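Trainee: Need coordinates for the following:
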Amino acid sequence: MFRILSTPNVVGGSSVAMAESGGFSNVEDSTLLAGAENKEDAASGSKSQKGAINSAGHKLTLSRRLHDHFLECKMGRHSHVTYRGMAKIEKSEPLMAENLKRGFDLAKAIIQDALQTLTEPSACLKVVEGYIGHGSECNIDTLRKKFLEVEKGVNFYANHPEKVVAVGGEGKASVSYNGCVLEPKEKANIYLNIRSVVDRDVETTASLILHEVSHAYANTSDFYYIKSEADYMWASMYKSGHVDEALLRQAQATAASDIDNKARAIVEGKVPSNYSVSSSGYGMSAADFKAYARMRRFQKDPEERTRAAMSNADTLAYLACALSRSRRDQPDRI
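Mentor: The predicted structure follows:
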């Protein structure tokens, strides 16, 4: 469902996120005020200090933009970019902007539910085993740490909408990925396909956000993809240029259980030999097929399956969704 990010197990870094306007967006930038004698001085500052800050902010913003530009060119993504930042998305693609806002709200709720459910072994064990194979205390602790990083990332992008970039859409060459990040670093831009967000429901958008944020914040890779029949259906419609909304909604109604079942088949080593055949109509890239080839290689090794699942972006995103559903479905939950 998503494109390959990079080689597995790349250590993520950090960068200073700057707003489109050129101002500082992070309290860590206040270190430039180190010459101030007290908090009041730091808050107000002299005119000369403010001028220095604005100048430094402009330079850092320009540096960040140049970095993003060259990275996009290097990765072959620059021509895909349509709108940079939610302000421009809201102006030109209001439906995408609305769906993204709802998607971020839901992604926040999902990851919070997932973290809470992981504290309740009786509620989470079966779900966790279905996605990673073993619900050991060590694995659950690792998942908790990864989910905390994803939560941090979701909150960052929700509060820094200038880091969300829309790709594809009318007048652009067909974009064959739903979303991507170009470097496994905190605060990196996330690139989202306009049609992927506009055509799909809010749950799918939320899982897409969780997937991409996990690349930037939780050091995940695309070892393999977990696709529902609704994913295949939408991809086929997207290629044809005509989306049947009623038919897609019908398929989406069973997508969650479909993904649960496919995730379990993968970690149990029961993936059928023709698993990726139905994806051929999607026009999968060489990178996509390599992800399926990797999945095949570890099918005979339970430990390798679990290791891959623990760092697989689709697995973390859909496991969080499954844990959230299990929490909401409990009779004593409102």
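
Trainee: Which helix or strand contains the closest residue to residue 244 other than its chain neighbours?
Mentor: In space, not counting the residues next to it along the chain, residue 244 is nearest to residue 237; the distance is 6.4 Å by Cβ to Cβ, 6 or more residues apart in numbering. (Glycine included, C-beta is placed from N, CA and C.) For residue 237, the host element (DSSP states H and E) is helix 229-240.

Trainee: Now do the strands in the stretch 1-150 of the chain.
Mentor: 81-84 (DSSP state E, counting those that start in this stretch).

Trainee: in it, what spans have low per-residue confidence?
Mentor: Across the stretch 1-150 of the chain, the stretches falling below the confidence threshold (pLDDT under 70) are 1-60, 70.

Trainee: before we move on, back to that, determine the set of other helices and strands touching the helix holding residue 237.
Mentor: The criterion is 3 or more Cβ pairs under 8 Å, 6 or more residues apart in numbering; DSSP states H and E, and the helices and strands that helix 229-240 contacts are helix 194-199, helix 245-252, helix 255-267.

Trainee: same thing but 7 Å
Mentor: Using 3 or more Cβ pairs under 7 Å, 6 or more residues apart in numbering; DSSP states H and E as the contact test, the elements touching helix 229-240 are helix 245-252.

Trainee: Pull out the buried residues from the helix holding residue 237.
Mentor: 230-235, 237-238 (16 or more other Cβ atoms under 10 Å).

Trainee: And the furthest pair within those?
Mentor: The two members of these with the most space between them (Cβ to Cβ) are 230 and 238, at 12.1 Å.

Trainee: ok, so what distance separates the closest residue to residue 104 other than its chain neighbours from residue 73?
Mentor: Distances taken as Cβ to Cβ, 6+ apart place residue 158 nearest to residue 104, at 4.6 Å, with adjacent residues excluded. Taking Cβ to Cβ, to the nearest Å as the criterion, residue 158 is separated from residue 73 by 28 Å.

Trainee: Sketch out the low-pLDDT regions of the stretch 151-300 of the chain for me.
Mentor: Looking at the stretch 151-300 of the chain by pLDDT under 70, you get 173, 272-289, 291-292.

Trainee: which secondary structure elements does the strand or helix carrying residue 309 contact?
Mentor: Element membership of residue 309, judged by DSSP H and E, is helix 302-310. The elements that helix 302-310 packs onto, with contact taken as 3+ Cβ pairs under 7 Å, 6+ apart, are helix 121-132, helix 255-267.

Trainee: Only alpha carbons, please: show whichever helix or strand comes after that helix as PDB.
Mentor: Once the chain leaves helix 302-310, the next helix or strand it forms, by DSSP H and E, is helix 313-329. Written as PDB, here are the backbone C-alpha positions of helix 313-329 (Å, rounded to 0.1, in the frame of the first residue of the first chain):
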ATOM      1  CA  ALA A 313       5.300   0.300   9.100                       C
ATOM      2  CA  ASP A 314       2.100  -1.300   8.000                       C
ATOM      3  CA  THR A 315       2.200  -3.700  11.000                       C
ATOM      4  CA  LEU A 316       2.600  -0.900  13.500                       C
ATOM      5  CA  ALA A 317      -0.100   1.300  11.900                       C
ATOM      6  CA  TYR A 318      -2.700  -1.500  11.600                       C
ATOM      7  CA  LEU A 319      -1.900  -3.000  15.000                       C
ATOM      8  CA  ALA A 320      -2.600   0.400  16.600                       C
ATOM      9  CA  CYS A 321      -5.900   0.500  14.700                       C
ATOM     10  CA  ALA A 322      -6.800  -3.100  15.900                       C
ATOM     11  CA  LEU A 323      -5.900  -2.300  19.500                       C
ATOM     12  CA  SER A 324      -8.000   0.800  19.400                       C
ATOM     13  CA  ARG A 325     -11.000  -1.200  18.000                       C
ATOM     14  CA  SER A 326     -10.600  -3.800  20.600                       C
ATOM     15  CA  ARG A 327     -10.700  -1.100  23.300                       C
ATOM     16  CA  ARG A 328     -13.700   0.600  21.800                       C
ATOM     17  CA  ASP A 329     -15.500  -2.700  21.400                       C
END
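
Trainee: Alright, that wraps it up for me.
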